[in-house]
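[1] Take this sequence and fold it.
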Amino acid sequence: MITLQPITVSTVLLALRTIQDPEVGTDVVELGLIYLVEIKPDAAVRIAMTTTTRSCPASAFIADAVRERLSTIPGIGRISVDLVYEPPWSPDMIGKFVA
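    Sure thing, here's the model as predicted:
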């Protein structure tokens, strides 16, 4: 029998570091695009994230990549990705995970 490890914020962030913003070429965590990682008791995961601009042409692509990457984590439940624009992203957010 395989025992699944609990889903943690660290596990989620490590997975998200593999997703690059296609316009900037830096991962979404390092860029400061991830505002919230919420893990429910049933292992459902909610991500609140932004893009570098409200009109980013890659918004849907990045959100889909987040869903797809998280779905590969064993034991993860339902995944929701919310694109939010408050607070607006700025270069000052690079390197800072906002929780």
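
[2] Find the nearest non-adjacent residue to Gln5, please.
    Nearest non-adjacent residue to Gln5, counting by CB to CB, 6 or more residues apart in numbering: Gly75, 7.1 Å away. Just so you know, the C-beta spots here come from the backbone N, C-alpha and C atoms, and that holds for glycine as well.

[3] For Arg67, see how far away the nearest residue to Arg69 once chain neighbours are set aside is.
    Closest residue to Arg69 apart from its sequence neighbours, by CB to CB, 6+ apart: Ala15 at 5.3 Å. Distance from Ala15 to Arg67, counting by CB to CB, to the nearest Å: 11 Å.

[4] who's more crowded, those two?
    A direct count of neighbours by other CB atoms under 10 Å for Ala15 and Arg67 places Ala15 higher, at 18 against 14.

[5] The more buried one - that's part of a helix, no?
    Yes - judged by DSSP: H, G, I helix; E, B strand; the rest coil, Ala15 forms part of a helix.

[6] Can you give me the distance of it to Asp64?
    Distance, Ala15 to Asp64, by CB to CB: 14 Å.

[7] In three-state terms, how would Val66 be classified?
    The local conformation at Val66, judged by three-state DSSP, is helix.
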